[in-house]
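Participant: Below: sequence and its predicted model.
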Amino acid sequence: MNTNELWQAVLGELELSLSKANFTTWFKQTFISEVRDHAIIVGVPNLFTKAWLEKKYSKEIMQSLQDLTNGTIKQLTYRVEARQQAPQQIIPLFDGSSQNEPPTSDGYQPRTSHEPQEIRTGEFSLNGKYCFGTFIVGKQNELAHAAAQAVCAQPGGVYNPLFIYGGVGLGKTHLLQAVGNELIRKSPQTRILYVTSERFTNDFIGALKGGRMVEFKNRYRTVDVLLVDDIQFMTGKEGTQEEFFHTFNQLYQNNKQIVISSDRPPKAIPQLESRLISRFEQGMMADVGSPDFETRVAILETKCREKTYALEHDIVHHIASVVQTNVRELEGALNKIIAFHQFKNTRATLDSVKPILSSFTPSNTRKTVTPKQLIQTVAGYFDVQIVDLLGASRQKRLAFPRQIIMYLMREEMKASYPSIGTELGGRDHTTAMHAYEKICNCLVADEKLQHDLELIKQKLYTY
Ligand code: ADP
Ligand code: MG
């Protein structure tokens, strides 16, 4: 029995149903501390987390534990304690890397430290697991992958900045970190800093408050490579954006490489300063999309090899056909299957695997979406107000999102034209019809539109 695998599987499930912030806050430093008969003790970092998990998440955790252990676990308690083992011992089945950590939503390893000397080598924030060697290339990510490799061949060269964008769980963090790991491998002296944009924001605010701006600037403006993950979270944070702008310029002028990830292209990030947008667009932009069937199979096979776990072809194919959304879910499903069978000490068969995947079946994964959620998502994507969308104005900045809503209501929800008209503030059904036809026509040739729709759908179904 491997308790770590089991806990990874539990976390994998929880992660899917929680917001990233919640997941990170409450589960980052948890682990299974002890298993005795039918009871599990989960180690947590502090009393506050303990109380919170008891109150808010016990039911879900228990459910997950029971599913995975086939009902063996009957009792769940928490205990405040620090994780004793080094991170690499946590997932013993991974190999070849010194920085293995439980999969987190962003691959970021928090090491509470502001000590500048830690920045010298980028190790402290890079996870060795995320390297090019473990990244599977398919049609949907080959451009981003090639660009990332080109950056490694010539950091600070033509692909600067490199801006990688796409939906959740599609390998953006993996690629960013792969760039860092590869550059360190090639020349260990390279100073690499990987941060999420939240981390950058918090550092900045902390430095401002604590009068540590000089330190802050030293930290960010003297690196050779700056990797900023999930830049979309800088939206609306003007002070932070300003600081980032200056950081960016300083690095750029000195031919230092910058790689950025985002859930959407720069222009589509609401409330992002236009000077930042144009900086980002100066370099190379590459998107990552959902993997197709063949790529999903390749990913599963590779992950099995990494974990030295053998699964028959038909089982791999079955998983790949059921779990279609993104790579993170694919991994989650696989971890769950491995944990389940290791725990029970049995071989995986199609019959034993199917029930485990039931929560991933397309009909379930594709949560049903209401017109209201759809309107909300599109409004958020284009950064316009819902009331304006439902209102009478025909300004282009409103008319276009409105047409997209109508198109999606028809296409995704199979709504009737009259009902679409009604949902959109009482418009005529012919308006809905025209909108649908117009978007259909544009879609044929307009790649940006195709991409917008892809991202909107990802948002719609994954959150
Ligand atoms: P994102 O940052 O886009 O949300 P991540 O980079 O965190 O996604 O990827 C989620 C998980 O899927 C990670 O464990 C990552 O290693 C894995 N993954 C994503 N894309 C690939 C790929 N092409 N090949 C192998 N693993 C991948
Ligand atoms: Mg990420």
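Facilitator: Nice, I can see it. Ligands and ions are numbered 1, 2, ... in the order given.

Participant: Just the closest residue of the stretch 251-400 of the chain to ligand 1, please.
Facilitator: Closest to ligand 1 within the stretch 251-400 of the chain is residue 327: 3.4 Å, counting by CB to the nearest ligand atom. (Each C-beta comes from the backbone N, C-alpha and C, glycine too.)

Participant: now that residue: how far from ligand 2?
Facilitator: 11 Å (CB to the ion, to the nearest Å).

Participant: Is that residue in contact with residue 171, as I believe?
Facilitator: Yes - using CB atoms under 8 Å, residue 327 is in contact with residue 171, at 5.9 Å.

Participant: that older thread, just give me the neighbour total for the residue of the stretch 251-400 of the chain closest to ligand 1.
Facilitator: The number of residues packed near residue 327 is 24, by other CB atoms under 10 Å.

Participant: shift numbering so it begins at 47
Facilitator: Fine by me, first position is 47 from now on; the one you just mentioned is residue 373.

Participant: Now do it, the pLDDT please.
Facilitator: pLDDT, residue 373: 93.

Participant: do the same with residue 201
Facilitator: pLDDT, residue 201: 96.

Participant: do the same with residue 170
Facilitator: Confidence for residue 170, expressed as pLDDT, is 47.

Participant: Do you have the helices of the stretch 197-346 of the chain handy? List them.
Facilitator: Shown for the stretch 197-346 of the chain, the helices assigned by DSSP state H, counting those that start in this stretch span residues 218-232, 243-256, 259-267, 284-299, 320-328, 339-352.

Participant: pLDDT of stretch 277-292, averaged?
Facilitator: Averaged across stretch 277-292, the pLDDT comes to 94.

Participant: hang on, the earlier thing: and among the helices of the stretch 197-346 of the chain, the most buried is which?
Facilitator: Comparing the helices of the stretch 197-346 of the chain by mean neighbour count (mean count of other CB atoms under 10 Å), helix 218-232 ranks first with a mean of 23.

Participant: Give me the neighbour count for residue 81.
Facilitator: 15.

Participant: Look at it and give its secondary structure.
Facilitator: The local conformation at residue 81, judged by DSSP: H, G, I helix; E, B strand; the rest coil, is strand.

Participant: hang on, it packs against residue 50?
Facilitator: No - taking contacts as CB under 8 Å, residue 81 lies outside contact range of residue 50: 11.1 Å.

Participant: Look up how far ligand 2 lies from whichever residue of the stretch 197-346 of the chain sits closest to ligand 1.
Facilitator: Scanning the stretch 197-346 of the chain for the residue nearest ligand 1 gives residue 217, at 2.7 Å (criterion: CB to the nearest ligand atom). Per CB to the ion, residue 217 is found 8 Å from ligand 2.

Participant: Could you do residue 383 as well?
Facilitator: 24 Å.

Participant: residues contacting that residue?
Facilitator: Contact analysis of residue 383 by CB atoms under 8 Å, 6 or more residues apart in numbering lists 357, 365, 394, 399, 402-403.

Participant: on that earlier part again, would you reformat the helices of the stretch 197-346 of the chain as a markdown table and include distance to residue 111?
Facilitator: Listed next are the helices of the stretch 197-346 of the chain as a markdown table, based on distance: least, CB to CB, whole Å:
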| stretch | distance to residue 111 |
| --- | --- |
| helix 218-232 | 27 |
| helix 243-256 | 30 |
| helix 259-267 | 41 |
| helix 284-299 | 40 |
| helix 320-328 | 43 |
| helix 339-352 | 23 |
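
Participant: what's the closest of these to residue 59?
Facilitator: helix 339-352 (16.8 Å; CB to CB).

Participant: Report pLDDT for the closest residue to ligand 1 within the stretch 47-196 of the chain.
Facilitator: Residue of the stretch 47-196 of the chain nearest ligand 1, by CB to the nearest ligand atom: residue 182 (3.7 Å). We have a pLDDT of 94 for residue 182.

Participant: That one reaches residue 342, doesn't it?
Facilitator: No - using CB under 8 Å, residue 182 is not in contact with residue 342; the gap is 9.1 Å.

Participant: partner residues bridging residue 90?
Facilitator: Beta-bridge pairing for residue 90 (DSSP bridges): residue 126.

Participant: ok, it touching residue 125?
Facilitator: Yes - if you go by CB under 8 Å, residue 90 and residue 125 touch, sitting 7.1 Å apart.

Participant: For stretch 219-227, give me every contacting residue.
Facilitator: So stretch 219-227 is contacted by 152-153, 168, 172-174, 176-178, 180-181, 187, 190-191, 194, 197-198, 208, 210, 238, 240, 271, 273, 275, 303, 305, 307, 334 (CB under 8 Å, 6+ apart).

Participant: Give me the contact status of that stretch with ligand 1.
Facilitator: Yes - residues of stretch 219-227 contacting ligand 1 under CB under 6 Å from any ligand atom: 219-220.

Participant: Point me to the residue of the stretch 347-496 of the chain nearest ligand 2.
Facilitator: The minimum distance from the stretch 347-496 of the chain to ligand 2, using CB to the ion, falls at residue 374 (8.9 Å).

Participant: And the chain, by the same measure?
Facilitator: Using CB to the ion, residue 219 is the residue of the chain that sits closest to ligand 2, at 3.3 Å.

Participant: what's the distance between that residue and residue 171?
Facilitator: Going from residue 219 to residue 171 by CB to CB, to the nearest Å gives 11 Å.

Participant: before we move on, what about residue 216?
Facilitator: For residue 216, the distance to residue 171 - CB to CB - is 21 Å.
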